[in-house]
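J.: dropping the sequence and predicted coords here.
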Amino acid sequence: MSAVIDDLEPSPVGGGQGGGRAAEAQNPVRPEPVEGRAHGASTSSARTVELPAPAPLLTRTGWSAFLAALIVVCALAPLANLLVPDGSIFHMSDYAVALVGKIMCYAICALAMDLIWGYTG
């Protein structure tokens, strides 16, 4: 694809409404090639940019709270269906347990897609 882009002529500034040589000189799309090196080759005077270290996603307390909530949802929801009597306010119906399971499956799928898109672009 770069060969196709390199063969294109730059359009004059102003959307193709003329402009002449002055407009072509201001066009940043295709600058003049530098003598003595190939297009896109790096030089010895290239600068490096140092980025700050990424901050952790959660603190130790945050991860502990997340794991506690995960255990509550994954372990206590089925137990609230099996062990709590039907008339109790803490009883979860079969529908509610299935709904929590579906939501957790969609959350796992969303995390997997986020990881794949993050690594592959």
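T.: Perfect, I can see it now. Numbers count the residues shown, from 1 in each chain.
J.: mean confidence score for the helix ranked longest in the chain?
T.: Counting residues, the longest helix found in the chain (DSSP state H) is helix 94-120. Averaged across helix 94-120, the pLDDT comes to 91.
J.: who are the packing partners of it?
T.: helix 77-82 (3 or more CB pairs under 8 Å, 6 or more residues apart in numbering; DSSP states H and E). Backbone N, C-alpha and C define where each C-beta goes, glycine included.
J.: need the residues that contact the helix it packs on.
T.: Contacting residues not belonging to helix 77-82 are listed as Phe90, His91, Met92, Ser93, Asp94, Ala96, Val97, Val100 [CB atoms under 8 Å, 6 or more residues apart in numbering].
J.: low pLDDT regions in the protein?
T.: Applying pLDDT under 70 to the chain flags the ranges 1-45.
J.: switch to 80 and redo it
T.: Within the chain, the stretches with pLDDT under 80 are 1-46, 121.
J.: Val97 - nearest residue in space that isn't next to it in sequence?
T.: Counting by CB to CB, 6 or more residues apart in numbering, Asn81 is the residue found nearest to Val97 once chain neighbours are left out, at 4.8 Å.
J.: noted, bye for now.
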